[in-house]
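**Student:** model the structure of this input:
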Amino acid sequence: MFPLITPADENELDPRPATLRDWNNTAAEYPDVCAHTLFEQQVERDPDAIAVMCGDERLTYAQLNQRANQVAHFLRKRGIGPESLVGVCLKRTPDLVIALLGVWKAGGAYVPLDASYPKDRLTFMVEDAAVQVLLTEQSCASLFAGIPVEFVSLDADWAAIAVESTVNPVSAATPSNLAYVMYTSGSTGKPKGAMILHRGLVNYLCWAIQTYRVQKGGSVPVHSSISFDLTVTSLFPALMVGGMIELLREDQGAQNLLAALRRKGDRNLVKITPAHLEALTLQLGSGEMDGMTRAFVIGGENLLAENLRLWREVAPATRLINEYGPTETVVGCCVYEVQPEDPASGPVPIGRPIANTQCHILDEHLQPVPVGVMGELYIGGVGVARGYLNRPDLTAQRFLPDPFSGSREARMYKTGDLARYRQDGILEYLGRVDNQVKIRGYRIELGEIEAVLSACTAVRSCAVLAREDTPGNKQLVAYVVARNQNPVSVTELQGALKLRLPEYMVPARFVLLDSLPLTANGKIDRQRLPAPVAETAAQETTEGAPLSDAEKRLVSLWKEALKLDSVSVHDDFFELGGHSLLAIRLASRIREEFAVDLAALALFESPTIAKLADHIERSAIVEIRI
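**Tutor:** Got it, this is the predicted structure:
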């Protein structure tokens, strides 16, 4: 057994009313060790159990541990130890799990790097973190060409790694050392790295194992990027108790997750965003939903009860859990499980703080507000990050002394989220106080997009909003004023943004204005920025006009989905502003219109009307409704 930390009950030091103190009385024991130590203990308990499944490949706990140990010893010889940062850019294969555990076992912390990000963004992250070693694979190596960092390719260099010892290294890392540094969107135009400690991570993992009832033998699908902290819940709790993680290859629209869920099994949990859940709901038949998993843990953005209705009706045994938490406080810090008697509409509460976590609703003077009154949410407890890497200014702004903890060293994180306590002690999320938004689970600082857009030579001024003019379709809209009244090419602006921003941060719509509306104080009046009107994507010339009945029907559906006046049969759906969830919705409409069993994957593989119509016509269509 490992030593346990038993947090002191500090209620006597907390100046808040007794009710608020009681709601934050979350003290619970947790092991005083690093995360990989919990994994090593499980290896000793059941070395022959399957730990990782990826396609036809299987790794037992013993095999996974031995290979991670070899990576750890290899890294040790390259100077990796406590507080060393190691970049990890790998596809979702067993090598990814081996690398993450290997970094921890060496004593270091990993910096997740998503291969789908633009090269400029990856370069910034590697250089900003001063990564000492980069663990990658040959297919990703070109993304880092010219960056002065030591590369280790787990596929090409495995022969050299395989000669290392398979014995657990004695780790010099302690619970107060870094576990990972995860970059999030930054309001100043550059992403910022949140520094997460082993202590906070272990507290979260132990809480998640108990709360989500993660069991030995049960599986958990891993379908999202390690640059998204949602993936922490999918990857690590199962590996601490003898469960199995199922690595799903990268795809579009979570089609591999859909296929995996259709293969019923003993599944502990599935961690998803509300957008993922909607995508699954649109593509699954009601008869398929029951028994897919014991629990859906839903996080990343505001969850509406409307999106849960069908699941509550046809899969009542499936637990539906809303998990709230910023990256800066280890994945999740507040949780609410939907109950049968809960309303069928409206926002789902974010619930109560997890173990060893405190949620404070404060006013602008950092004083507690009364129950039922809206204020800003501040988070305290062991999960609070050390701060932002290389950003003491921003760290000082967002990580404040915690006056409710009784400790001078304790900090609380200023979330920028508005919330309130209900009379029963349940927290409700009420929105943001700044320009940060969530779209399909991704956290985006609008200021970062505006900074990149402002750097374009054709742009004099700009603003970016997240709009939801069509219910259920929130999208980024950029407002641009041209420099010297010169013509602005939207295509060129999109291309420039794609070179520096992830795809999900590139606005779907652009509105060209003569000037930006201003308030009396000279600031941009975002309330007066106009909604984008229906645009013309391309003139329906003879070459781009629909010819067949199928093409004509598809043109109508595309116009409706994309809010466009005109569409060419050769236009690419995604280049017109479509995204994966919109594609899944459109596929559902096509199935209704054409009475055809069309998988959403067809839209990703045939993203133009001409190709999609050909796909439909070549399929065994029983009937096309007239």
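
**Student:** so what's the gap between stretch 156-163 and the chain middle?
**Tutor:** 32 Å (CA atoms, centre = their mean, to the nearest Å).

**Student:** swap that for stretch 63-82, sorry
**Tutor:** 28 Å.

**Student:** C-alpha coordinates for it, CSV please?
**Tutor:** The C-alpha trace of stretch 63-82 is given here as CSV (Å, rounded to 0.1, in the frame of the first residue of the first chain):
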residue,chain,number,x,y,z
GLN,A,63,4.2,-6.1,-21.9
LEU,A,64,3.0,-2.5,-21.7
ASN,A,65,5.0,-2.0,-18.5
GLN,A,66,8.2,-3.5,-19.9
ARG,A,67,8.1,-1.4,-23.1
ALA,A,68,7.4,1.8,-21.1
ASN,A,69,10.3,0.9,-18.9
GLN,A,70,12.6,0.6,-21.9
VAL,A,71,11.5,4.0,-23.1
ALA,A,72,12.1,5.4,-19.6
HIS,A,73,15.6,4.1,-19.3
PHE,A,74,16.3,5.4,-22.9
LEU,A,75,15.1,8.8,-21.8
ARG,A,76,17.0,8.8,-18.6
LYS,A,77,20.3,8.4,-20.6
ARG,A,78,19.3,11.6,-22.4
GLY,A,79,19.0,13.6,-19.3
ILE,A,80,15.2,13.3,-18.7
GLY,A,81,14.2,13.6,-15.0
PRO,A,82,11.9,15.6,-12.8
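
**Student:** got the buried residues for that stretch?
**Tutor:** Neighbour-count burial for stretch 63-82 flags 63-76, 80, 82 (criterion: 16 or more other CB atoms under 10 Å). Glycine gets a C-beta too; all of them are placed from N, C-alpha and C.

**Student:** and what of stretch 298-312?
**Tutor:** Buried-residue list, stretch 298-312, by 16+ other CB under 10 Å: I298, G299, G300, E301, L303, A305, E306, N307, L308, W311, R312.

**Student:** can I get the residues you listed in CSV including distance to M244, pLDDT and secondary structure?
**Tutor:** As requested, the buried residues of stretch 298-312 are arranged in CSV below (distance: CB to CB, whole Å; pLDDT from 0 to 100; DSSP: H, G, I helix; E, B strand; the rest coil):
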residue, distance to M244, pLDDT, secondary structure
I298, 22, 95, strand
G299, 22, 92, strand
G300, 24, 85, coil
E301, 28, 84, coil
L303, 27, 89, coil
A305, 32, 91, helix
E306, 33, 89, helix
N307, 28, 88, helix
L308, 27, 94, helix
W311, 24, 94, helix
R312, 28, 95, helix
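
**Student:** now do the strands in the stretch 501-626 of the chain.
**Tutor:** In the stretch 501-626 of the chain, the strands defined using DSSP state E, counting those that start in this stretch lie at 509-513, 535-536, 564-566.

**Student:** mean pLDDT added to the ones you listed, as TSV?
**Tutor:** Output for the strands of the stretch 501-626 of the chain, formatted as TSV (pLDDT from 0 to 100):
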stretch	mean pLDDT
strand 509-513	87
strand 535-536	49
strand 564-566	79
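
**Student:** quick check: which of these is buried the most?
**Tutor:** strand 509-513 (a mean of 18; mean count of other CB atoms under 10 Å).
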